[in-house]
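# Please find the sequence and the predicted model below.
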Amino acid sequence: MSVRLGSLELSHPVINGSGTFDAIAARRAFGDALYEDFPFAAFVSKTITPKPRAGNPPPRLYETPSGMINSIGLPNKGLDGFLAQDLPELARLPVPLIVSMMATDHDGFEGLVAAVTARDEVAAVELNVSCPNVKSGLIVGEQPEETLALVRALRPLTGKPLIVKLTPNTAAPEAVAAAAEEGGADAVALINTLKAMAVDPTTGEPWLGAGSGGLSGPAVRAIALEQTRRVASAVAIPVVGMGGIESGADALSFLRVGATAVAVGTANFQDPGAGRRVRRELESLIADGAGLHLN
Ligand code: RRO
């Protein structure tokens with residue numbers, strides 16, 4: 001049941017959504033058993049940036065009916081901290097490593113891609129042009145022309161598969177996906193979170209420290225499915241579908257609308273074994289004759 005994202009071969013179609021599974025902390029909690037039956041066919045890192053970031057002010061999370069809003073704000077050690085501290089740990093995972101990255105301008109992205117490409121431990125690169133929680137001044141992922149220019153500039157810098165993570169916060173995600181493909185992307189992944197907010201009933205003020213955030217979980221699944229279908233019919237490159245996937249049946253529905261692979265995200269917070277269960281349920285649905293032919 002292996003699938004391909006460009007030259008990256010995955011042993012099955014279930015990966016994690018960036019930032020929803022801390023593999024280093026999980027190994028501390030579960031020990032080497034985590035490596036023996038790793039939940040995902042590839043591991044996507046939390047997004048890194050050129051310099052360290054502290055993230056957004058608290059509160060950073062709000063639970064909604066069937067979902068949650070996050071306003072984490074991309075806290076991370078920066079490129080140097082990632083390479084020195086996290087990469088050696090992540091390189092020990094038994095699956096290919098996909099490094100997610102974001103910068104506020106082309107130079108920043110170019111530095112990230114060049115540095116990460118130089119590391120053999122890294123199998124592929126994910127360009128996060130869709131974080132709803134960072135004021136970047138660069139709304140690359142909302143505009144096809146900006147996405148095309150960025151991917152075109154980065155494509156010559158790496159021979160590793162380039163995956164572009166798309167935003168749902170745009171009228172035509174399929175136009176941005178087509179631009180990513182034209183620029184040379186090997187795959188697109190969607191959806192990132194939907195812009196959202198909550199109000200504190202006692203103060204009347206926004207609940208989240210940053211004012212707003214991004215909605216994820218089963219609440220967004222129907223939207224994610226529709227956008228995945230639209231994007232998959234607009235591009236020839238593989239599509240990684242995600243948004244509220246909690247079961248094998250959910251995963252199968254994304255594959256049926258044209259996704260090549262799926263990612264489990266918010267469900268990992270409730271159950272770190274969610275990815276493993278989704279994969280097993282998916283495989284048994286297919287074995288029972290769901291009639292889906294994966295390459
Ligand atoms: O860190 C975050 O606040 C965050 C990121 Br980078 C992202 O891509 N999507 C999201 O919902 N939160």
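Structure's in. What do you need?
# which bits of the stretch 1-150 of the chain sit near the ligand?
The stretch 1-150 of the chain comes close to the ligand at residues 19, 47, 70-74, 128, 130-133, as judged by C-beta under 6 Å from any ligand atom. The C-beta positions use only the backbone N, C-alpha and C, and glycine is treated the same way.
# do that again at 5 Å, thanks
With C-beta under 5 Å from any ligand atom as the criterion, the stretch 1-150 of the chain meets the ligand at residues 47, 72-74, 131, 133.
# show me where the stretch 151-295 of the chain has strands.
Per DSSP state E, counting those that start in this stretch, the stretch 151-295 of the chain carries strands over the ranges 162-165, 187-190, 194-196, 213-216, 239-242, 261-264.
# Out of the residues of the stretch 1-150 of the chain next to the ligand, which one has the weakest pLDDT?
Comparing pLDDT over these singles out Asn133 as the least confident position, at 78.
# List phi and psi for it.
When read as degrees, to the nearest 10, the backbone of Asn133 gives phi -110, psi 10.
# re the thing from before, with neighbour count as new columns, can the residues of the stretch 1-150 of the chain next to the ligand be given to me in TSV?
Converted to TSV, these look like this (neighbours: other C-beta atoms under 10 Å):
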residue	neighbour count
Thr47	22
Ile72	19
Gly73	20
Leu74	19
Cys131	23
Asn133	22
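# still on that earlier bit, can I get the strands of the stretch 151-295 of the chain in a markdown table with distance to Tyr35, mean neighbour count and mean pLDDT?
Rendered in a markdown table, the data for the strands of the stretch 151-295 of the chain read as follows (distance: least, C-beta to C-beta, whole Å; neighbours: other C-beta atoms under 10 Å; pLDDT from 0 to 100):
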| stretch | distance to Tyr35 | mean neighbour count | mean pLDDT |
| --- | --- | --- | --- |
| strand 162-165 | 24 | 28 | 98 |
| strand 187-190 | 24 | 30 | 98 |
| strand 194-196 | 34 | 19 | 97 |
| strand 213-216 | 27 | 27 | 98 |
| strand 239-242 | 23 | 29 | 98 |
| strand 261-264 | 18 | 28 | 98 |
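# which one of those lies closest to the ligand?
strand 213-216 (3.4 Å; C-beta to the nearest ligand atom).
# how near is Pro168 to Asp86?
The gap separating Pro168 from Asp86 is 28 Å, by C-beta to C-beta, to the nearest Å.
# out of those two, which sits in the busier spot?
Residue environment comparison for Pro168 versus Asp86 gives the larger neighbour count to Pro168, 23 against 18, counting by other C-beta atoms under 10 Å.
# by contact count, what packs against the lowest-mean-pLDDT helix or strand in the chain?
Of all the helices and strands that make up the chain, helix 33-36 has the lowest average by mean pLDDT, DSSP states H and E, namely a mean of 89. Judged by 3 or more C-beta pairs under 8 Å, 6 or more residues apart in numbering; DSSP states H and E, helix 33-36 is in contact with helix 23-30.
# Please name the nearest non-neighbouring residue to Thr30.
If you look again at residue 30, you'll see it is Phe, not Thr. Pro272 (7.5 Å; C-beta to C-beta, 6 or more residues apart in numbering).
# wait, isn't the one you found in contact with Ala26?
Yes. Contact between Pro272 and Ala26 holds when scored by C-beta atoms under 8 Å: they sit 5.8 Å apart.
# What pLDDT does the model give the closest residue to Gly17 other than its chain neighbours?
When the adjacent residues along the chain are set aside, Gly17 lies closest to Gly265, with 3.0 Å between them (C-beta to C-beta, 6+ apart). As predicted, Gly265 sits at a pLDDT of 98.
# do the one 3 residues further on as well
The predicted local distance difference test score for Asn268 is 98.
# mind listing what it touches?
Residues counted as contacts of Asn268 (C-beta atoms under 8 Å, 6 or more residues apart in numbering) are 16-17, 20-21, 39, 274-275.
# could those residues be laid out in a markdown table, adding secondary structure?
As requested, the contacts of Asn268 are arranged in a markdown table below (DSSP: H, G, I helix; E, B strand; the rest coil):
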| residue | secondary structure |
| --- | --- |
| Asn16 | strand |
| Gly17 | coil |
| Thr20 | coil |
| Phe21 | coil |
| Pro39 | coil |
| Ala274 | helix |
| Gly275 | helix |
